[in-house]
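Engineer: Any chance you can model this:
(2 chains)
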Amino acid sequence: MAAGDAALVLEYPARLDPDTSARVVAIAEAARRRCGAALRDLVVGYHTLTVYFDPLRIDARWLEDQLRSAASEDVQDADVPHATIEVPVCYGGDLGPDLCSVAAQAGCSEDEVIDLHTTRAYRVYVVGFVPGFAYMGPVDPRLALPRRSNPRTRVPAGSVAIAAGQTGIYPVETPGGWHLIGRTRVQPFDETRAEPALFHPGDRVVFRSITRDEFDRSAG
Amino acid sequence: MGTLTVIRAGMLTTVQDLGRWGRQHLGVPVAGPMDWYSHRLANSLLDNEADAAALEVTLMGPELLTDTETMCAVAGAEFEITAGERRVRTGEPFVVAAGERVRFGNRIAGTRATFAVSGGFTLPLVLGSRSTSLTSRLGPFGGRALKVGDALTIGSSRLVERRRPGRAAAMPHGGARLRVIMGPHEEMFSDAARLAFPKSRYVITSESNRMGYRLDGPRLDYRRPIDMLSDATPIGSLQVPASGWPILLMADRQTTGGYPKIATVITADLPIAGQLAPGDWVEFEPCSRADALEALRRRDAALAGITP
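Structural biologist: Below you'll find the predicted structure:
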């Protein structure tokens, strides 16, 4: 499907689920192997793969064929290389001002929210919004709250948040509508690093609870 | 190497090359010029690489001082420009002597001009590009617009101009009709919206910048309420939030967005879109992919100085 004259979109039924996401990541990998040099960009969505190309240099029909072939390759999720990243988080208090209200809405204690958030490995679905912001999921159904009705104008960098069945970390201070449950020193994006982005689509992420003392000592 | 110093910054002057491609999957915006044709033309007039770093000047231009004899070129929006005491013309290379100033005066037509120097500006690459992304604060000078006192290294002391210059693009006056390819989410809109879209005139509101233009005009309703999953947002996308008023996504857009896109402006017409300002009108004319490619080839030929 065309998105203008310089991008093509490969689309699967619109679902926010790990299997669809894994499929898109696998096809992105196959497409990059087949025709990476012909592409300006290759953007992984939840159920879409968008490729950008220069229409003066690349024939859109040829590219469509390449994408179709990539989609028909039998690439298994297990064949796609991915990293597992551990993120230490100090939950609650002034670093996670919404933990209390999240617990109330989930009908459990703050400690149970922390347990629910730390006991599973999340899959990175999409990286977008701002450089390095990873949309990850799925979160435990009890923590699947909608976005806040009243978004904050300033969310501090490093805030760990949940909303819409997903979890994420704000890489920089921005406005934001997710529920803030904790804070991490991990920097999801730093353009001066050899690999600027910490999270890539398909990576797995595990959160680990640390004390305020540990958080303070990990400064700088 | 010579240095260009900013004496007066103008309304919004940023360093741009052809964009920070290759990292949109990590959330890194492309940025780059609002009018890619004028960026390429200004560079080609000086025989620079197409993606050499140049300045994008907006509505009210800067005043710049050079400490070396430098060959420069301006393309895109027309301003009254002086180099030293001499009046210079858009679309024609000119030489500025050491210690002379280039002054952008009254604007005559268009919104954004590209100011290029021989060899481009030599600035550190940030993630492979010298484009300024104001939204993500990436690029030269920490991803901000230029300020008084900023110093930029001039790439080359060559005083060579191109023998067969490309043709300058006509600037829009008050508005423009832009060709679009319908979709990718056309089917999410009501029949009334799909019918109205190509017949409607929109006005660019004051809530417009390098990220995108918010448009005022007939509302485009969805077929049914939508909670869409975010996907990629190409430049030129007409993204429609629940309010029904479209937003035309431009150079410094975010990489993903969660609203349906009814149509996408073709690459050949993006330079015209980039020359529009708040208050200007805009209309959309659906075309085929073949038409879009033909229009782009014409643009490319004009850039090479080939008369059709």
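
Engineer: just for the chain, where's the confidence low?
Structural biologist: Just so you know, I chose chain A. In the predicted model, chain A carries pLDDT under 70 at residues A:220.

Engineer: looking at chain B here, not the other one
Structural biologist: Along chain B, segments meeting pLDDT under 70 span B:163, B:307-308.

Engineer: Now do the contacts for the residue of chain A most remote from its centre.
Structural biologist: Checked against the mean C-alpha position of chain A, the extreme residue using CA atoms, centre = their mean is residue A:56, at a distance of 32.8 Å. By CB atoms under 8 Å, 6 or more residues apart in numbering or on different chains, the contact list for residue A:56 reads B:296-297, B:300. Backbone N, C-alpha and C define where each C-beta goes, glycine included.

Engineer: Likewise for residue B:214?
Structural biologist: Residue B:214 makes contact with B:204-205, B:207-208, B:245, B:247, according to CB under 8 Å, 6+ apart.

Engineer: Which members of those are classed as buried?
Structural biologist: Taking 16 or more other CB atoms under 10 Å in any protein chain shown as the criterion, what is buried in the contacts of residue B:214 is B:204, B:208, B:245, B:247.

Engineer: Within reach of chain A, which of the contacts of residue A:56 are there?
Structural biologist: Contacts with chain A within the contacts of residue A:56, as defined by CB under 8 Å from any CB of the partner chain: B:296-297, B:300.

Engineer: would you turn these into CSV with neighbour count, distance to residue A:110 and secondary structure?
Structural biologist: Shown next, in CSV, are the ones next to chain A among the contacts of residue A:56 (neighbours: other CB atoms under 10 Å in any protein chain shown; distance: CB to CB, whole Å; DSSP: H, G, I helix; E, B strand; the rest coil):
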residue, neighbour count, distance to residue A:110, secondary structure
B:296, 20, 57, helix
B:297, 14, 62, helix
B:300, 15, 61, helix
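
Engineer: what distance separates the lengthiest helix in chain A from the centre of its chain?
Structural biologist: In chain A, taking DSSP state H as the definition, the longest helix is helix A:18-35. Distance of helix A:18-35 from the chain centroid (CA atoms, centre = their mean, to the nearest Å) equals 15 Å.

Engineer: Contacts for it, please.
Structural biologist: Around helix A:18-35, the neighbours that count as contacts under CB under 8 Å, 6+ apart are A:10, A:12-13, A:39, A:42, A:44-49, A:51, A:63, A:66-67, A:69-71, A:73, A:75-77, A:79-80, A:82, A:123, A:125, A:137-138, A:201-202, B:25.

Engineer: what about 7 Å?
Structural biologist: The contact list for helix A:18-35 (CB atoms under 7 Å, 6 or more residues apart in numbering or on different chains) reads A:10, A:12, A:42, A:44-49, A:51, A:63, A:66-67, A:69-71, A:73, A:75, A:77, A:80, A:123, A:125, A:138, A:201-202.

Engineer: Likewise for stretch B:123-140?
Structural biologist: A:130-131, A:191, A:196, B:14-17, B:19-20, B:22-23, B:28-29, B:31-32, B:53, B:143, B:145, B:152-153, B:210-211, B:252, B:254.

Engineer: so what's the closest residue to chain A within the stretch 1-150 of chain B closest to, chain neighbours aside?
Structural biologist: Closest residue of the stretch 1-150 of chain B to chain A, CB to the nearest CB: residue B:26 (3.9 Å). Distances taken as CB to CB, 6 or more residues apart in numbering or on different chains put residue A:197 closest to residue B:26, at 3.9 Å, once the chain neighbours are dropped.

Engineer: And residue B:302, by the same measure?
Structural biologist: residue B:167 (4.5 Å).

Engineer: For the closest residue to residue A:107 other than its chain neighbours, give me phi and psi.
Structural biologist: Nearest non-adjacent residue to residue A:107, counting by CB to CB, 6+ apart: residue A:142, 7.4 Å away. With angles defined as degrees, to the nearest 10, residue A:142 sits at phi -70, psi -20.

Engineer: Now do the strands in the stretch 101-250 of chain B.
Structural biologist: Assigned by DSSP state E, counting those that start in this stretch, the stretch 101-250 of chain B shows strands spanning B:101-117, B:151-153, B:175-182, B:201-208, B:212-216, B:231-232, B:237-239, B:247-249.

Engineer: how about those, which one is nearest residue A:17?
Structural biologist: strand B:231-232 (15.5 Å; CB to CB).

Engineer: tell me what that closest one is packed against?
Structural biologist: strand A:48-52 (3 or more CB pairs under 7 Å, 6 or more residues apart in numbering or on different chains; DSSP states H and E).

Engineer: what's the strand it packs on in contact with?
Structural biologist: With contacts defined as CB under 7 Å, 6+ apart, strand A:48-52 is touched by A:3, A:6-11, A:24, A:27-28, A:31, A:39-43, A:63, A:67, B:231-232, B:234.

Engineer: Pull up the residues of chain A that are close to chain B.
Structural biologist: A:1-7, A:9, A:14, A:16, A:40-48, A:50, A:52, A:55-56, A:60, A:126-133, A:191, A:196-197, A:201 (CB under 7 Å from any CB of the partner chain).

Engineer: Buried ones from these, can you make that a ChimeraX selection?
Structural biologist: To isolate the buried members of the residues of chain A next to chain B in ChimeraX, using 16+ other CB under 10 Å:
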select /A:2,3,4,5,6,7,9,16,40,41,42,43,44,45,46,47,48,50,52,55,60,126,127,128,129,130,131,132,133,191,196,197,201
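
Engineer: from the residues of chain A next to chain B, which ones fall inside helices?
Structural biologist: Using DSSP H, the subset of these located in helices is residue A:60.

Engineer: now the contacts of stretch B:123-140: which count as buried?
Structural biologist: The neighbour count (16+ other CB under 10 Å) marks A:130-131, A:191, A:196, B:14-17, B:19-20, B:22-23, B:28-29, B:31-32, B:53, B:143, B:145, B:152, B:210-211, B:252, B:254 as buried among the contacts of stretch B:123-140.

Engineer: What is the burial count for the residue nearest to residue A:107?
Structural biologist: Per other CB atoms under 10 Å in any protein chain shown, the neighbour tally for residue A:142 reads 15.

Engineer: Would you confirm that it contacts residue A:106?
Structural biologist: Yes - between residue A:142 and residue A:106 a contact is recorded at 4.6 Å, counting by CB atoms under 7 Å.
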